[in-house]
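*Asks:* fold the following.
(chains A, B and C)
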Amino acid sequence: MKKLFSLAVLVILSVFLLAACGDDDPEVEMTDDGKRLVTFWHAMGGGPGEAIDEMVNSYNESQDEIYVDAVYQGSYEELLNQLRAVGGTSEAPSIVQVYEVGTQYMSESGFIEPLQTFIDGDDDFSVDNLEENILGYYQLDGDLYSMPFNTSNAIMFYNKDMFREAGLDPEQPPRTFSEVQEYSQQLNDATGEAGFAILIYGWFFEQLLANQGGLYLNNDNGRSAVADEALINGEEGQRIFEWLNEMNEAGTLGNFGRQWDDIRTAFAAENVAMYLDSTAATRGNVEGADFEVGTAFLPVPDGMDPQGVIVGGGSLWMTNGIAEETQEAAFDFIKYTADPEVQAVWAGATGYFPISPEAYNNEILQDIYEEYPQFTTSVDQLQNTTLTPATQGALMGVFPEARNIVENAIEALYQGEDSQELLDQAAADIEEQIERYNQQQGN
Amino acid sequence: MTDQVAAKQLMDPASRDKEKRKKARKNFWTAMLFMLPAIAIIGFFLFYPMFKTLYFSFFVVNSRGDTISFAGLSNYLYLWESSTFRTSMKATFLFALYTVPTTILVSLFLAVITNEKVRGIPFFRVAFSSTLGVSVAAGATIWLILLHPSVGVFNNLLAGIGFDRIGWLTSSTWALISVSITTIWMNLGFNFIILLGGLQNISEELYESARVDGAGYWTQLFKITIPLLSPTLFFVSVVTIINSFQSFGQVDILTGGGPNNSTNLIVYSIYREAFESGFFGTASAQAMILFALVLILTIIQFKFVEKKVHYQ
Amino acid sequence: MMRKVIIYILLIISAFLITFPVLYAVSASFMTTQEINRGALLPSSISFDNYVRAFTSVPLFHFLMNSFIVAFGVMVAQLIICSLAAYAIVFIPFKGAKVMFFLFVSTLLIPWEAAFLTNYITILDFGWVDTYTGLMVPFFATAFGIFLMRQQFMTLPNELWESAQMEGCTHFRFFLSFAMPLSKPILSALGIFAFLTTWNMYLWPLLLTNNDDVRTVQIGLKMMISAETGTNWNVVMAGVVMVLLPTLILLVLGLNHLKRGLTQGALKG
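*Replies:* Residues are numbered from 1 along each chain as shown, chains lettered A, B, ... in the order given. Next up, the predicted model:
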């Protein structure tokens, strides 16, 4: 009996030890029916999530050598946290969707294989087919590290019925900061609900900054050299904070927190008349509303021409901890996602832009744009954008943290703290994070 | 039996000693064998990580656990100077202050009213302990909708009686209170069970003799129940404080540490520092601070309980 | 009489307040989206559509199975491993028994939340991310379990072991045929407690599960929140009810055992 017992303990122990010595050489993972397995992490829930599943299904059915397994990992931030935890190991997925501000971090993370390597080795695929403004964001020193996947920008949605109720012309949405202020006052007076709202998400601050031609970081937004200074406390940033502050004090600004769904629910429930959102919300907003939905360009400070917007959204990255055959399979799928026809279906289902201009000629997409003219606002806004360092967007390894810092500052602003002090503090905090990041990277 | 004793007596002292040592050695190895799995698990997943975390806290460490460079005390100095960490510590202590006394008072109240001899008590006991079966994820999700800005029951109720809606989770003033209410609710079940057990351990004769002496309900409560329950109360309060320092799930689901870090409790702060920012060194330093806090509290408890045991 | 009425009133009000969130979740899981948006408290009709959707939109059944496997595994392992260690401390006279007990109990001072960073790296090095093993093994032994079982074994008379020894019974045999069967009530308390705490774990599975194969239901719930909240609170609530059901049933069935076990652990320290 005792022998049996000691045997059991021995077995437990050796399992323990063996597991510790597992080797790390990547193997080609196969499905049960002999296809190469490509795992794909994404951050698209709800409607866009279903659209991804459809895209992956039709890819899997289109050939019989590769099987793509799409796994939803929560929000962009949650996905990146999960990835940081396993990146660079064999536990990492083959393809990950990372939001645009993770670009610098990912390129330096050591987890990834630059896509340019594969693009250079592939004669059939050329980046010339992709939209220039989108490439402008994702190219680093002329190399494409990841494939743009879902691109969007920020636009204003407004409730035309509430406009009528307040005696405003529903076809004349506000274009400037002070018009937004006046309109929200009138809307608030007439309906008692919030006139205007912005989701507390750093992305909107970045967009409003770029639309004024303002830089987020020095060294051309970190594109000509590594940035070490945050410029958000300049006059452009100050204008945004003052604008928000004045509406907040007037009681016409709604605060619906940091959750996308909460502000969308509020818009659908007519608790707010105008708000900024990603173009990806277009379809959901139009279909979910009992009222007429209008879309408008991002507002600018008075007397200023809009400079355009930064391409937002996410791109697909290939990891380097996986076997080479798996990487090849992953690249095959990535190429598939960039196909104009696939892009057209995707854009139509979600409201993201197609990454290749060719897709606009596709019939599916044209039909949808006809049915939902609201889509075209964002397309126009993107095409009116002039490519400058400001609208190319900032690059830094600590962008997620920087966003969080700006979001905290906005929340403090809503509690009545001084806007200039908040921006100065936020800029200093971002610079400190950059410094810590550089120290960590051994730069 | 007698045979063995006889055999032992027959042996000379030297071989008896040898026999004894052999027995002791055999016992030692049997005991080790019995304890081996527990030693392996606890040593490997609790002792070792504590030392490793301490070690990490003096280095710049990336999220792979690779030490980049020696940092000396600079991780701790960074925390000392960081306003974010100060906010987080303040939130942690405030959170303990909001949740611990309330949880204990409410669960004591529930335990006292269910210690009455009336019909239907088992039903109420199950109802009051039910939150022990509610996981942090499920509990926080329910409160997420109860506190929802536009469709939540609380705001609908307020709007219904003509008050302004409250940003339960979006305003810095309310968010920590909302997270606290959720936490109090979730902790009631556990505390209730322990306190009820403590109440039932108090001998009925004490109450009977008190009644003979003409003591009323309140006298009995404050002269018998509370004093005799005090070791249990103390145990419960320390466990609740330690639990409150370890809260994570409700913050992750309800607020994500916001608004403006007002609910960035220490474990959430560790998680963010390590997995959102990738600074394992400073995250480890925070973990050591958490460890020190829990250590101090537990030592206080052990001292106190020792005393209590003596006087009972 | 008056006193009884007051007690009942207090009991009923408290019971309502405490169970309200769970009752609301059950109620909301039957509502339509419109009813939730309107702020209704009760559904107008009972339909299981939301449950069907909860089970089809995410692999909820699979998540429930994962949680069950992990919680059951940890429970069984804890019962065996903690009892073995406690048995050695109580019944086997050896040098260092006191030290070992002290060492075990001292781990009560180490909050898991202070150790999870390093443990995460360990699990990563072992290649145990996304495995049941990684989710379970770190919790196979707890100071609380060893402590509880030691308290229990100390109540067994030592003469029992002495006479068993005379019959030629080994420690392992005695452990299996006497010590364990005589400790059934405490074992079930520890078992229920281990099952509940493992089922309810959040931080560890959040870090450790990246795919649906091993994801536990708690993390599945978080996924549901981020994917469905915009429009489908009712589906999320159906998910919540499915998560609550097993533990609530276990609690109702095992409440008395649990109370005895926890009180013993708490009060005799």
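*Asks:* give the buried residues for the helix or strand where B:Gly189 lies.
*Replies:* Using DSSP states H and E, the element containing B:Gly189 is helix B:172-200. Across helix B:172-200, burial judged by 16 or more other C-beta atoms under 10 Å in any protein chain shown covers B:172, B:174-199. For glycine as for every other residue, the C-beta is placed from the backbone atoms N, C-alpha and C.
*Asks:* now it, how far from the chain's geometric center?
*Replies:* Relative to the centre of its chain, helix B:172-200 is centred 11 Å away, using C-alpha atoms, centre = their mean, to the nearest Å.
*Asks:* residue nearest the centroid of chain B?
*Replies:* B:Asn243 (2.7 Å; C-alpha atoms, centre = their mean).
*Asks:* which bits of chain B sit near chain A?
*Replies:* Proximity of chain B to chain A, by C-beta under 8 Å from any C-beta of the partner chain, involves residues B:30, B:33, B:36-37, B:40, B:60, B:62-64, B:68-69, B:78, B:84, B:148-151, B:167, B:169-173, B:256, B:258-261, B:275-279.
*Asks:* revised request: answer the last question for the stretch 51-200 of chain C.
*Replies:* For the stretch 51-200 of chain C, the residues in contact with chain A (C-beta under 8 Å from any C-beta) are C:120, C:124-130, C:133, C:170-173.
*Asks:* in the stretch 1-150 of chain B, what residue spans correspond to helices?
*Replies:* For the stretch 1-150 of chain B, the helices defined by DSSP state H, counting those that start in this stretch occupy B:2-10, B:13-42, B:48-56, B:74-81, B:83-114, B:121-129, B:136-146.
*Asks:* tell me if I'm right that B:Ser247 and B:Leu265 touch.
*Replies:* Yes - with contacts counted by C-beta atoms under 8 Å, B:Ser247 reaches B:Leu265, the gap being 5.5 Å.
*Asks:* what touches both of these two?
*Replies:* Common neighbours of B:Ser247 and B:Leu265, counting by C-beta atoms under 8 Å, 6 or more residues apart in numbering or on different chains, are B:Phe95.
*Asks:* stretch A:313-331: which residues count as buried?
*Replies:* Per 16+ other C-beta under 10 Å, stretch A:313-331 contains these buried residues: A:313-323, A:326-331.
*Asks:* distance between the ends of that stretch?
*Replies:* With C-alpha to C-alpha, to the nearest Å as the measure, the ends of stretch A:313-331 fall 20 Å from one another.
*Asks:* tell me the mean pLDDT over that stretch?
*Replies:* On average, the pLDDT along stretch A:313-331 is 91.
*Asks:* is it anywhere near chain B?
*Replies:* No - using C-beta under 8 Å from any C-beta, we find that stretch A:313-331 stays clear of chain B, coming within 11.3 Å at best.
*Asks:* what pLDDT, on average, does the longest helix along chain A get?
*Replies:* In chain A, with assignment by DSSP state H, the single longest helix is helix A:419-441. When pLDDT is averaged along helix A:419-441, the result is 90.
*Asks:* sorry, back to before: which strands or helices does the helix or strand that the helix holding B:Gly189 is followed by pack on?
*Replies:* Tracing the chain past helix B:172-200, the next element assigned as helix or strand by DSSP H and E is helix B:204-212. Helices and strands touching helix B:204-212, by 3 or more C-beta pairs under 8 Å, 6 or more residues apart in numbering or on different chains; DSSP states H and E, are helix B:217-220.
*Asks:* list the contacts of the helix or strand following the helix it packs on.
*Replies:* Following helix B:217-220 in sequence order, the next helix or strand is helix B:226-245 (DSSP H and E). Applying C-beta under 8 Å, 6+ apart, the external contacts of helix B:226-245 come out as B:92, B:95-96, B:99-100, B:103-104, B:107-108, B:183, B:187, B:191, B:194-195, B:197-199, B:202, B:206, B:265-267, B:290, B:293-294, B:297-298, B:300-301, B:304-305, B:308-309, B:312, C:111, C:113, C:266-267, C:269.
*Asks:* chain C contacts on the stretch 201-350 of chain A?
*Replies:* Within reach of chain C by C-beta under 8 Å from any C-beta, the stretch 201-350 of chain A has these residues: A:Gln259, A:Trp260, A:Asp261, A:Arg264, A:Thr265, A:Ala269, A:Gly284, A:Gly288.
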